[in-house]
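Structure, please.
(2 chains)
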Amino acid sequence: MIAGATVSSYVLGIVMALLTLVVVTESLRRRRMRERHAVWWLAAGTVALVIAVFPRLLAAAASLIGVAVPANLVFFLSVFVLFFVSIQHSSELTKAEDQNRTLAEEVALLKARVDALSAPSPAPERIADAPAEGPEGAPLFGAASGDAPAR
Amino acid sequence: MHATLARTLIVMPAFNEEESVADVVSEVYAKLPGVSCLVVDDGSADATAAKARAAGAEVLRLPFNLGVGGAMRAGFKYALANGFDNVVQVDSDGQHDPSAVPQLLAELEHADVVLGARFAGVGNYAAKGPRRWAMVMLSLILSRVAHSRLTDTTSGFKASGPRAVRLFAKHYPAEYLGDTVESLVIAARCGCVIRQIPVAMRPRAGGVPSHNPLKAAQYLGRAMLALLFALIRPAVPLPSVEAAV
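This is a model prediction of the structure:
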């Protein structure tokens, strides 16, 4: 055991690592977390558990890399994982926002189309003739109804 | 068989398949008289949807790419909403021969999910190295879970009966490998009967399967992880007929 570590801190390390693993696994089981998000937490939890059980591994790794205080290696790795996961979340959030926006646009276009189709007068020409464009310039209704050019 | 075909929906997930989708749709209509065909355009940037429509298929256009699992769930929902009993997934790249569909449907009399298996003696499809080990290992474990001998669990050529269609319309996973591995675990856990019949596969119309051992090893790892996650999850209840839609 490394210097200064007591039995209680040894046990605390193991319990916290196990707790992390249990919480993540349980979220995964209940489908409250998707696999690709869970993987990093599971990896971090597993490393934490290994280090908690065998603290000498940490001391060995620290001296191998040249980190004077083993605890600093833990802080470095923790920050690294948190940083990485934050970046992943930011990019996923951006993607989700983009998709949300695309959906809102599609709904608005569909609503306009439904309104036009359900109007009593033969008014829908304007919408039918307009080159209805999808988010990436793809025709939204083109070949479906045959009333607008596909390109 | 014609009566069964009329109650069957062929679902083709298609992502940028403008080269092949029209031919596959035409072949489906030619070989399976009376069947309905739905192409789910999974956010393609090319003319997939227009080509499929021109060939006579119904088309669902997803506003962005959801992956095969997402596209298939949309297909199952469409089938449920339009009163189809069976759904057969056929790839839009032409590697599945539609003339095998009646055999899949016949086997559906005794099962909820029928897989068209590539390694079961018919045809000459072969995979090598780690990719093959991954497939063998998946098959061994899934055979135990499903209480049925399955040799090709990653096949995309699948028929689902009425119970499975109701289940999958709600619970078809969109995760990587979810559409093959996890969907089978979900079905088996619900008490669905899963069978396989041997089918011949044709070479893919475009592109060749990767034989990079590193990629294969990665595939093995991800497949095992997907299987592990699927297995630790609790069973979902089989939706009743009334609760459907």
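
Is the helix ranked longest in chain B in proximity to chain A?
Using DSSP state H, we find that the single longest helix of chain B is helix B:213-232. Yes - remark: helix B:213-232 sits within contact range of chain A at B:Leu225, B:Ala226, B:Phe229, B:Ile232, by Cβ under 8 Å from any Cβ of the partner chain. Placement of C-beta: from N, CA and C, glycine included.

Against B:Pro173, how distant is the residue of chain B most remote from its centre?
Distance to the chain centre peaks in chain B at B:Leu214, reaching 26.1 Å (criterion: Cα atoms, centre = their mean). Taking Cβ to Cβ, to the nearest Å as the measure, B:Leu214 falls 26 Å from B:Pro173.

and if you look at A:Arg32?
15 Å.

and B:Leu138, what is it in contact with?
Contacts for B:Leu138 (Cβ atoms under 8 Å, 6 or more residues apart in numbering or on different chains) come out as B:Thr153, B:Thr154, B:Val181, B:Ala223, B:Leu227.

List buried residues within those.
Using 16 or more other Cβ atoms under 10 Å in any protein chain shown as the burial test, the contacts of B:Leu138 include B:Thr153, B:Thr154, B:Val181, B:Ala223, B:Leu227 as buried.

if we can go back for a sec, identify, from the contacts of B:Leu138, the entry nearest to B:Met12.
Relative to B:Met12, the closest of the contacts of B:Leu138 is B:Thr154; by Cβ to Cβ it sits at 17.8 Å.

Phi first, then psi, for the nearest residue to that closest one once chain neighbours are set aside.
Counting by Cβ to Cβ, 6 or more residues apart in numbering or on different chains, B:Thr154 lies nearest to B:Thr180, which is 4.7 Å off, once chain neighbours are set aside. With angles defined as degrees, to the nearest 10, B:Thr180 sits at phi -100, psi -60.

quick one: B:Thr180 and chain A, what's the gap?
Going from B:Thr180 to chain A by Cβ to the nearest Cβ, to the nearest Å gives 14 Å.

can I assume A:Leu42 sits in a helix?
Yes - residue state for A:Leu42 (DSSP: H, G, I helix; E, B strand; the rest coil) corresponds to a helix.

per-residue confidence at the nearest residue in space to it that is not next to it in sequence?
Of all residues not flanking A:Leu42 in the chain, A:Val24 sits nearest, at 5.6 Å (Cβ to Cβ, 6+ apart). For A:Val24, the model assigns a pLDDT of 93.

ok, now which ones touch residue 78?
Answering for chain A, as no chain was given. Contacts for A:Ser78 (Cβ under 8 Å, 6+ apart) come out as A:Ala44.

if you could check chain B rather than the one you did, that'd help
Residues in contact with B:Tyr78 (Cβ under 8 Å, 6+ apart) are B:Leu9, B:Val11, B:Leu38, B:Glu58, B:Leu60.

now swap in B:Ile10 and tell me
B:Ile10 is in contact with B:Val28, B:Leu32, B:Val35, B:Ser36, B:Cys37, B:Leu38, B:Val87, B:Val88, B:Val90, B:Pro98, B:Val101, counting by Cβ under 8 Å, 6+ apart.

ok so it is a strand residue?
Yes - checked against three-state DSSP, B:Ile10 lies within a strand.

Roughly how far does it sit from B:Val28?
B:Ile10 is 5 Å from B:Val28, where distance means Cβ to Cβ.

any common contacting residues for those two?
By Cβ under 8 Å, 6+ apart, the residues touching both B:Ile10 and B:Val28 are B:Val35, B:Cys37, B:Val90, B:Pro98, B:Val101.

can you list those in TSV and add secondary structure, pLDDT and distance to B:Glu18?
TSV is the format used below for the shared contacts of B:Ile10 and B:Val28 (DSSP: H, G, I helix; E, B strand; the rest coil; pLDDT from 0 to 100; distance: Cβ to Cβ, whole Å):
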residue	secondary structure	pLDDT	distance to B:Glu18
B:Val35	coil	94	22
B:Cys37	strand	96	16
B:Val90	coil	95	17
B:Pro98	helix	93	19
B:Val101	helix	94	23
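
Quick check: of these, which has the highest neighbour count?
In terms of neighbour count, B:Val90 stands highest of the shared contacts of B:Ile10 and B:Val28 at 29 neighbours, by other Cβ atoms under 10 Å in any protein chain shown.

Show the average pLDDT along the longest helix along chain A.
In chain A, assigned by DSSP H, the helix with the most residues is helix A:70-118. What helix A:70-118 shows for mean pLDDT is 93.

Next: stretch B:133-140.
Here stretch B:133-140 scores 85 as its mean pLDDT.

Stretch A:48-64 now?
Here the average pLDDT along stretch A:48-64 is 92.

export it as CSV, just CAs?
These are the backbone C-alpha positions of stretch A:48-64, laid out as CSV (Å, rounded to 0.1, in the frame of the first residue of the first chain):
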residue,chain,number,x,y,z
ALA,A,48,-10.4,3.5,-11.1
LEU,A,49,-11.4,0.1,-9.7
VAL,A,50,-8.1,-1.5,-10.7
ILE,A,51,-6.1,1.4,-9.2
ALA,A,52,-8.2,1.3,-6.0
VAL,A,53,-7.6,-2.4,-5.6
PHE,A,54,-3.9,-2.3,-6.5
PRO,A,55,-2.5,1.1,-5.5
ARG,A,56,1.0,0.0,-6.3
LEU,A,57,0.1,-0.1,-10.0
LEU,A,58,-0.5,3.7,-9.8
ALA,A,59,2.8,4.3,-8.1
ALA,A,60,4.6,2.2,-10.7
ALA,A,61,2.8,4.0,-13.6
ALA,A,62,3.6,7.4,-12.1
SER,A,63,7.3,6.7,-11.7
LEU,A,64,7.4,5.1,-15.2
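
Name the residues of that stretch that come out as buried.
A:Ala48, A:Leu49, A:Ile51, A:Ala52, A:Pro55, A:Leu58, A:Ala59, A:Ala62.
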